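Undergrad: Sharing a model that was predicted from the sequence below.
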Amino acid sequence: MTAGELIRHRREELGWSQARLAQAAGTGQALISRIEQGRVNPTVEMLTRLAEAMGAQINLTLSPR
């Protein structure tokens with residue numbers, strides 16, 4: 001899954017609209033839409049803000065190919 005798909009999945013689990021998530025994370029709804037569509041690659045800082053707003057955490061891993 002992409003970062004945007006993970007964000008959308010968690011948001012939908014919570015029953016939140018994009019506007020609700022944007023408000024909770026202190027950003028705009030249009031940015032949430034672009035992230036979920038994969039049109040914008042969010043920074044780690046933005047992913048952290050979104051995760052915290054949704055009561056989740058970010059786990060990044062690097063694995064050998």
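TA: Noted; the coordinates are in hand.

Undergrad: middle-most residue in this protein, spatially?
TA: By CA atoms, centre = their mean, the mean C-alpha position of the chain lies nearest to Ile7, the distance being 3.6 Å.

Undergrad: show me what contacts that residue?
TA: 21, 32, 35-36, 42, 47, 50 (CB atoms under 8 Å, 6 or more residues apart in numbering). The way it works is simple: take the backbone N, C-alpha and C, and place the C-beta from them, glycine included.

Undergrad: most neighbours, which of those residues?
TA: Ile32 (27 neighbours; other CB atoms under 10 Å).

Undergrad: hang on, the earlier thing: got the contacts of Ile7 as CSV, with secondary structure and distance to Thr61 columns?
TA: Below are these laid out as CSV (DSSP: H, G, I helix; E, B strand; the rest coil; distance: CB to CB, whole Å):
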residue, secondary structure, distance to Thr61
Leu21, helix, 24
Ile32, helix, 25
Ile35, helix, 20
Glu36, helix, 22
Pro42, coil, 17
Leu47, helix, 14
Leu50, helix, 19
